[in-house]
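> For reference, the sequence and a predicted model appear below.
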Amino acid sequence: MKHLITFAASFDASHQVGSEWPYCSEHVHGHEWGVYIDFHFDPMNPVYPSKDLDGLIGELAERHLNDMIRPASPTPLGLAGWLMERLLPLYKVDYVEVSYGGWGATVRADDVRRK
Ligand SMILES: [Zn+2]
């Protein structure tokens, strides 16, 4: 039986995007970002990544994403990939979803491993 646990968090951060993400203005502005991360969870060997996740989210909160996740694009897709690349070596992450205001993107573990 496959077990999944979901980590959900939200934080405020600013970003500035160009034409690669046409759902925002081109000026610096902020959003409340939502992050959902699904992990495979082994009940026989439980690993709770909450401390690392709180740390990662804490690094981004109240900051300017363009500076924090460079060279990744400061979009939901770019941030999802940035989080996935940091978490995959440590945990059995299934997918990372990042969204704000109804717009979002999902990166699956297989998408990153194939690179
Ligand atoms: Zn925006």
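Alright, I've got the coordinates.
> do you know how far the spatially most central residue of the chain is from residue 10?
Among the residues of the chain, the one closest to the centroid is residue 80, at 3.6 Å (CA atoms, centre = their mean). Using CB to CB, to the nearest Å, one gets 14 Å for the distance from residue 80 to residue 10. For glycine as for every other residue, the C-beta is placed from the backbone atoms N, C-alpha and C.
> Confirm residue 107 sits in a helix?
No. Judged by DSSP: H, G, I helix; E, B strand; the rest coil, residue 107 forms no part of a helix; its state is strand.
> please renumber so the chain begins at 739
Okay, residue one is now 739; in that scheme the one you just asked about reads as residue 845.
> Now for it: which residues touch it?
By CB atoms under 8 Å, 6 or more residues apart in numbering, the contact set of residue 845 is 815, 818, 819, 821, 822, 833, 834, 835.
> Kindly state the pLDDT recorded for the third one?
In the prediction, the pLDDT value recorded for residue 819 is 96.
> and the residue nearest to the centre of the chain, which of the three is it?
Strictly by three-state DSSP, residue 818 counts as helix.
> Same check on the one 5 residues further on?
In three-state terms, and counting by three-state DSSP, residue 823 is helix.
> residue ranges for the helices of this protein, please.
788-798, 803-806, 814-825, 847-851 (DSSP state H).
> lowest confidence element among the helices and strands of this structure?
helix 847-851 (a mean of 80; mean pLDDT, DSSP states H and E).
> packing partners for it?
For helix 847-851, the elements it packs on are helix 814-825, strand 831-838, judged by 3 or more CB pairs under 8 Å, 6 or more residues apart in numbering; DSSP states H and E.
> tally of neighbours for the closest residue to residue 813 other than its chain neighbours?
Distances taken as CB to CB, 6 or more residues apart in numbering put residue 759 closest to residue 813, at 4.1 Å, once the chain neighbours are dropped. A count of nearby residues for residue 759, using other CB atoms under 10 Å, gives 17.
> If anything else comes up later, I'll come back, but that's it for now.
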